[in-house]
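Visitor: Have a look at this prediction, sequence included:
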Amino acid sequence: MQEVELPPEYIAMVRDQFTPLFSSFPDHIRDDVIERHLGADRLMAGVREGLNVLEVLQDVRAGGTRPGVPLILLNGTAIDPAQAQFRAEAQLHEQISSSRRLYESVVDAAPEGEYRAIPEASHSSIPMVSPDAIAGAVKDVLERHRLR
């Protein structure tokens, strides 16, 4: 794939979005983490993912039966600032609503499924904004597995 050159203004805008997102990271790695996220290949990954979303959904549908194991699906339900640059707020709310319906259908089909919304995080910010939600879900899944 050919390297894409993004405008410096766009890079600066994304840097401004990432800086508060990674504010809790240790000083000695924060800038490196932010810079890694600003590479053209990294920034274009979301675009590529969006272009093949129907293929991904088809893969999920064709994936066969789900194993009978505990499942907790986390969903960031805040608007992603990066997406807000390209889509109207009403479209983003509909996307979040559609994602919720999709994710709830996934957990409903799992014998031990649970859906958890994280309203303070967007799809891509869950690990930075709500690390406790991730840790809690892992702890709960392990506990449910232990109790089986």
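Guide: Happy to help now that I have it. Remember, it's a predicted structure, so these values are computed and weren't measured experimentally.

Visitor: Could you report the separation of residue 118 from residue 23?
Guide: Counting by Cβ to Cβ, to the nearest Å, the gap from residue 118 to residue 23 is 18 Å. Just so you know, the C-beta spots here come from the backbone N, C-alpha and C atoms, and that holds for glycine as well.

Visitor: Which one of the two is surrounded by more residues?
Guide: Comparing residue 118 with residue 23 by other Cβ atoms under 10 Å, the one with more neighbours is residue 118, at 20 against 9.

Visitor: so that one touches residue 130, yeah?
Guide: Yes: taking Cβ atoms under 8 Å as the definition, residue 118 is a contact partner of residue 130 at 5.0 Å.

Visitor: Now for those two: what residues contact both?
Guide: 74, 76 (Cβ atoms under 8 Å, 6 or more residues apart in numbering).

Visitor: Just the helices from the protein, written as ranges.
Guide: Secondary structure of the chain (DSSP state H): helices at 8-21, 27-37, 40-51, 53-61, 81-84, 89-108, 126-129, 131-147.

Visitor: mind listing what the closest residue in space to residue 79 that isn't next to it in sequence touches?
Guide: Counting by Cβ to Cβ, 6 or more residues apart in numbering, residue 79 lies nearest to residue 92, which is 4.9 Å off, once chain neighbours are set aside. Residues in contact with residue 92 (Cβ under 8 Å, 6+ apart) are 79, 80, 83, 84.

Visitor: What distance do you get for residue 13 to residue 6?
Guide: Residue 13 is 10 Å from residue 6, where distance means Cβ to Cβ.

Visitor: Kindly report the same for residue 148.
Guide: For residue 148 relative to residue 6 (Cβ to Cβ), the value is 48 Å.

Visitor: Have a look at the two and say which one is more surrounded.
Guide: residue 6 (14 against 8).

Visitor: Tell me the spacing between the nearest residue in space to the more buried one that is not next to it in sequence and residue 86.
Guide: The shortest distance from residue 6 to any non-neighbouring residue, by Cβ to Cβ, 6+ apart, is to residue 40 (5.3 Å). Relative to residue 86, residue 40 is positioned 17 Å away (Cβ to Cβ).
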